[in-house]
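Enquirer: What follows is a predicted protein model with its sequence.
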Amino acid sequence: MPEASGVIDTILDTFPVRAGAFIVTLYGDVVAPRGGEVWMGNIIDTCATMRITETRVRTAVSRLVAADQIMGERVGRKSYYRLTPAAEAAFSSAARLIYRRPRSRPLKGWHLVALPQGPERDALVSRLTALRFGLPQPHLAILPDRGEDLPPLGAPHFQAVTTDDLTVLLRNAWPLAEISARIGQFVEGFSPLAGRRTTPAEALGLRLLLVHTFRQIALTDPDLPEDLLPEDWRGAEARALFAHLYLELSPAADMAIADGFVNSSGPLTADPTRLARRIADLSYA
């Protein structure tokens with residue numbers, strides 16, 4: 001069985017990691033449930049496990065500050081970075097999709113949004129895509145309605161109850177073949193991690209890589225009814241694998257965090273309620 005470092009290299013060949021996106025994953029998985037602030041040295045050391053150099057980390061951190069996702073504080077010779085309130089809210093929303101327990105919520109209908117012409121269209125499309133709307137036509141966005149509250153959309157929004165007249169549109173609204181291929185790659189790439197013995201540092205790196213890769217699936221899967229999905233759809237298999245591996249890697253990964261991660265006040269302190277909810281949602285199987 002190859003060493004953990006060899007497995008990391010193999011996965012990185014299939015799922016390349018960008019520094020800024022990986023730092024976002026680090027904050028979402030490790031830092032947000034532990035106060036939201038962490039020492040720059042911890043970011044550098046953790047990114048090194050993903051073959052990301054210190055220079056790339058510092059450049060990415062500067063860009064995240066400029067994008068108002070994190071803000072820095074210098075204490076003596078050390079720098080610490082904290083989530084901005086807007087980033088904290090965005091991470092909390094994403095976490096509900098990544099770590100959630102699968103729920104058999106009935107389909108109530110469909111959200112339909114009419115897309116305007118003109119310069120405001122691109123900003124609206126970006127906002128709707130982040131909410132996992134599909135775009136079956138240039139003038140229309142669509143999303144399954146399972147009872148969730150949507151934020152104000154800033155465009156005409158109505159609802160349809162039946163799927164019968166929408167089937168053709170629905171199957172063309174999302175890049176299902178692309179998402180399905182990404183899911184298959186995830187299952188094949190991460191299955192070899194099951195049962196692997198790792199050091200705490202390796203476990204943390206692998207867990208972050210697991211979350212980082214699955215995050216891209218969770219935030220794009222439109223949660224369609226089964227009869228609208230491709231026959232080879234492996235979404236449930238991918239989520240079960242993610243949950244199993246996350247729980248398996250967590251004891252050693254959390255040990256690495258407890259042993260070395262600090263903020264400007266000292267060691268990171270976990271929010272036990274928040275982490276317990278995450279573990280409970282992942283322990284559904």
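Expert: On my side now, so go ahead.
Enquirer: hey, where'd the strands end up in the stretch 51-200 of the chain?
Expert: For the stretch 51-200 of the chain, the strands identified by DSSP state E, counting those that start in this stretch occupy 70-75, 78-83, 109-114, 134-137, 140-145, 157-160, in order along the chain.
Enquirer: want to try a markdown table for the ones you listed, with mean pLDDT as columns?
Expert: Written out in a markdown table, the entries for the strands of the stretch 51-200 of the chain read as follows (pLDDT from 0 to 100):
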| stretch | mean pLDDT |
| --- | --- |
| strand 70-75 | 94 |
| strand 78-83 | 95 |
| strand 109-114 | 89 |
| strand 134-137 | 90 |
| strand 140-145 | 90 |
| strand 157-160 | 78 |
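Enquirer: Dump those strands into CSV; add mean neighbour count and distance to Arg182 as well.
Expert: No exception for glycine: its C-beta is placed from N, CA and C like everyone else's. Below are these laid out as CSV (neighbours: other C-beta atoms under 10 Å; distance: least, C-beta to C-beta, whole Å):
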stretch, mean neighbour count, distance to Arg182
strand 70-75, 14, 27
strand 78-83, 19, 27
strand 109-114, 18, 24
strand 134-137, 17, 16
strand 140-145, 20, 20
strand 157-160, 12, 28
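Enquirer: Please convert these to CSV, extending it with distance to Glu37.
Expert: Output for the strands of the stretch 51-200 of the chain, formatted as CSV (distance: least, C-beta to C-beta, whole Å):
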stretch, distance to Glu37
strand 70-75, 8
strand 78-83, 4
strand 109-114, 37
strand 134-137, 37
strand 140-145, 35
strand 157-160, 38
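Enquirer: between those, which one is nearest to Thr220?
Expert: In terms of C-beta to C-beta, the element of those nearest to Thr220 is strand 134-137, at 10.1 Å.
Enquirer: next one: that closest one to chain centre, how far?
Expert: Average the C-alpha atoms of strand 134-137, do the same for its chain, and the two points are 23 Å apart (C-alpha atoms, centre = their mean, to the nearest Å).
Enquirer: Mind listing the strands that strand pairs with, and their directions?
Expert: Paired with strand 134-137 in the same sheet, following DSSP bridges, are strand 140-145 (antiparallel).
Enquirer: Report the angle between the partner strand and strand 109-114.
Expert: Using axes from the mean of the first three to the mean of the last three C-alpha atoms, to 10 degrees, one finds that strand 140-145 and strand 109-114 are set 160 degrees apart in direction.
Enquirer: So what touches strand 140-145?
Expert: Residues from elsewhere that reach strand 140-145, judged by C-beta atoms under 8 Å, 6 or more residues apart in numbering: 107-115, 125, 128, 131-136, 159, 166, 169-170, 173, 222-225.
Enquirer: show me what contacts the closest residue in space to Ser180 that isn't next to it in sequence?
Expert: Of all residues beyond its chain neighbours, the one nearest Ser180 is Pro230 (5.3 Å), with distances taken as C-beta to C-beta, 6 or more residues apart in numbering. Neighbour list for Pro230: Leu176, Ala177, Ser180 [criterion: C-beta under 8 Å, 6+ apart].
Enquirer: for Trp233, same thing?
Expert: Contacts were defined as C-beta under 8 Å, 6+ apart; by that measure Trp233 touches Leu176, Ser180, Ile183.
Enquirer: Checking it next. Helix, strand or coil?
Expert: Reduced to three states with DSSP: H, G, I helix; E, B strand; the rest coil, the structure at Trp233 is coil.
Enquirer: and if you look at the one 5 residues further on?
Expert: Assigned state for Ala238: helix (three-state reduction, three-state DSSP).
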